[in-house]
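**Student:** quick one, structure for this:
(one chain, ligands or ions: 2)
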Amino acid sequence: MLGVETSCDETGVAVYDSHAGLLGHALHSQVALHQAYGGVVPELASRDHIARVLPLLDATLEQAGLGLHELDAVAYTRGPGLAGALLVGAGVAASLAMAVGKPLLGVHHLEGHLLSPLLSEPELDFPFVALLVSGGHTMLLQARALGDYLLLGETVDDAAGEAFDKSAKLLGLGYPGGPELARLAERGDPRGFDLPRPKLHSGDLDFSFAGLKTAVLTRVRQLGPEPGEQARADLAASTQEAITDVLAAKAAAALERSGMRTLVVAGGVGANLRLREKLDAACARIGARVHYPALQWCTDNGPMIAYAACRRLQAGLARARHDYAFDIQPRWDLAEL
Ligand code: KG4
Ligand code: ZN
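**Tutor:** Numbering: from 1, shown residues only. Ligands and ions are numbered 1, 2, ... in the order given. All right, here's what the predicted structure looks like:
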């Protein structure tokens, strides 16, 4: 299964074999391209995907030791994501599938994230609770079976990754802010600033991070134009502490409420080590097991798309297209799957 991921700012290509596992993969991150703008510029993202995708495909096939004609199917990220960026992957995947006469499959990006821990732990099985935390999404799901995902709660405003990114920007850090804020936080005191934990005691499994961002803005203003290095580190640590406190508490509540004993974490924010510490502790407390994707499969990548397509095809759930009409769905609810 060839997988092509172009939904946002990473071009990812991979070949996954249902028996032998991952045979090859290649990735290009556009971080440097968008850095000057402090966020992803959709038009630049699309153009860069066009420039990168074929060389990445060549590298992937070479690594896998495969020719195009040896592929059995071609998958791409159908959505959600940036329309122009998605169209690049969809167009390339449809052309390749048509050229070799093999089926074409459109994959839900979040299902790719959701299944990414299984790339390293294939024996991991449904049902489980999933905490999906990326730049665009923050949700808790009850994953009952492949393709059967019940939404337990989600953010009512900013995503957790957005909270990291926006707070990092306020602290004068680069894009994407999550990893940079986490790095600065290592030298800071997580109790240095008293920040809100929005919705911590709301009784539901929803999240809200917009108020936290405003609180960070207020503290930045109070610190003035030249805050000391220690104050910045303390604010970064306090921000990370507030975000991860809420994520860990709600994930634990979701496990208790659903009666499930397995938690799967996915998405870019899943790379955050403080979050992992807290989830480990919370799960140990309630006797649950927690699984994370390998760090390299937390952020967007080709293998998670090839893998999700493989699982769907095997389960008879894939709607393969043989007319090679490539369609995308920039807005696409996971519960619709
Ligand atoms: O899943 P992802 O690569 O892309 C989306 O589909 O959104 O997630 C990217 C998000 C960004 O907001 C980034 O700042 C955040 O994940 N992120 C982190 C860390 N690494 C990536 N946030 C906190 N700590 C990290 N170590
Ligand atoms: Zn993603």
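
**Student:** and the contacts of the helix or strand bottoming out on mean pLDDT in the chain?
**Tutor:** Every helix and strand of the chain was ranked by mean pLDDT, DSSP states H and E. The lowest is helix 31-35, at a mean of 93. When contacts are defined by C-beta atoms under 8 Å, 6 or more residues apart in numbering, helix 31-35 is touched by residues 9, 40-41, 44-45, 48, 174-176. No exception for glycine: its C-beta is placed from N, CA and C like everyone else's.

**Student:** quick one: which of these has the most company?
**Tutor:** Neighbour tally across the contacts of helix 31-35 (other C-beta atoms under 10 Å): the maximum, 27 neighbours, falls on D9.

**Student:** that older thread, just the closest of the contacts of helix 31-35 to L115, please.
**Tutor:** Distance to L115, by C-beta to C-beta, is smallest for D9 among the contacts of helix 31-35, at 21.1 Å.

**Student:** okay, that closest one: pLDDT?
**Tutor:** Note on D9: pLDDT of 95.

**Student:** wait, isn't it in contact with Q30?
**Tutor:** Yes: between D9 and Q30 a contact is recorded at 4.2 Å, counting by C-beta atoms under 8 Å.

**Student:** P55 and D189, how far apart?
**Tutor:** 46 Å (C-beta to C-beta, to the nearest Å).

**Student:** is ligand 1 within reach of the least confident helix or strand of the chain?
**Tutor:** No: using C-beta under 6 Å from any ligand atom, no contact is recorded between helix 31-35 and ligand 1, whose separation bottoms out at 9.9 Å.

**Student:** just the buried residues of that helix, please?
**Tutor:** 33-34 (16 or more other C-beta atoms under 10 Å).

**Student:** after that helix comes which helix or strand?
**Tutor:** Next helix or strand after helix 31-35 toward the C-terminus (DSSP states H and E): helix 42-64.

**Student:** a markdown table for the contacts of helix 31-35, including distance to Q329?
**Tutor:** As requested, the contacts of helix 31-35 are exported to a markdown table (distance: C-beta to C-beta, whole Å):
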| residue | distance to Q329 |
| --- | --- |
| D9 | 19 |
| V40 | 19 |
| V41 | 22 |
| L44 | 22 |
| A45 | 17 |
| D48 | 22 |
| G174 | 31 |
| Y175 | 26 |
| P176 | 24 |
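
**Student:** tell me the one of those nearest ligand 1?
**Tutor:** P176 (3.8 Å; C-beta to the nearest ligand atom).

**Student:** would you confirm that the closest one contacts E162?
**Tutor:** No: the pair P176 and E162 does not pass the contact test of C-beta under 8 Å, sitting 10.1 Å apart.

**Student:** in a strand, that's where A130 is, yeah?
**Tutor:** Yes: the assignment for A130 by DSSP: H, G, I helix; E, B strand; the rest coil puts it in a strand.

**Student:** residue contacts, it?
**Tutor:** A130 touches 114, 139-143, 149, 263-266, counting by C-beta under 8 Å, 6+ apart.

**Student:** measure it to L317 for me?
**Tutor:** Taking C-beta to C-beta, one finds A130 at 17 Å from L317.

**Student:** what's the answer for V269, then?
**Tutor:** Counting by C-beta to C-beta, the gap from V269 to L317 is 28 Å.

**Student:** more neighbours: which of those two?
**Tutor:** Set V269 next to L317 and count neighbours by other C-beta under 10 Å: V269 wins out with 28 against 13.

**Student:** list the contacts of that one.
**Tutor:** 133-134, 138, 160-161, 164, 178, 247, 275.

**Student:** tell me the contacts of L171?
**Tutor:** 177, 181, 184, 216, 220, 232, 235-236.

**Student:** one more time with 10 Å, if that's ok
**Tutor:** When contacts are counted by C-beta atoms under 10 Å, 6 or more residues apart in numbering, L171 touches 177, 180-181, 184, 216, 219-220, 223, 227, 231-233, 235-236, 239.

**Student:** for Y292, state which of these is nearest.
**Tutor:** Using C-beta to C-beta, the contacts of L171 come closest to Y292 at L181, 19.3 Å.

**Student:** burial measure for the closest one, as a count.
**Tutor:** So L181, with other C-beta under 10 Å, has 27 neighbours.

**Student:** now do D333
**Tutor:** By other C-beta under 10 Å, the burial measure for D333, its neighbour count, is 13.

**Student:** pretty sure it contacts E111?
**Tutor:** No: using C-beta atoms under 10 Å as the test, D333 is too far from E111 to be in contact (11.6 Å).

**Student:** which neighbours do these two share?
**Tutor:** Y149.

**Student:** neighbours around M98, how many?
**Tutor:** Going by other C-beta under 10 Å, the residues that sit close to M98 add up to 15.

**Student:** phi first, then psi, for it.
**Tutor:** Backbone torsions of M98, given as degrees, to the nearest 10, read phi -70, psi -40.

**Student:** surely it touches D323?
**Tutor:** Yes: using C-beta under 10 Å, M98 is in contact with D323, at 9.2 Å.

**Student:** what do those two both touch?
**Tutor:** L104.
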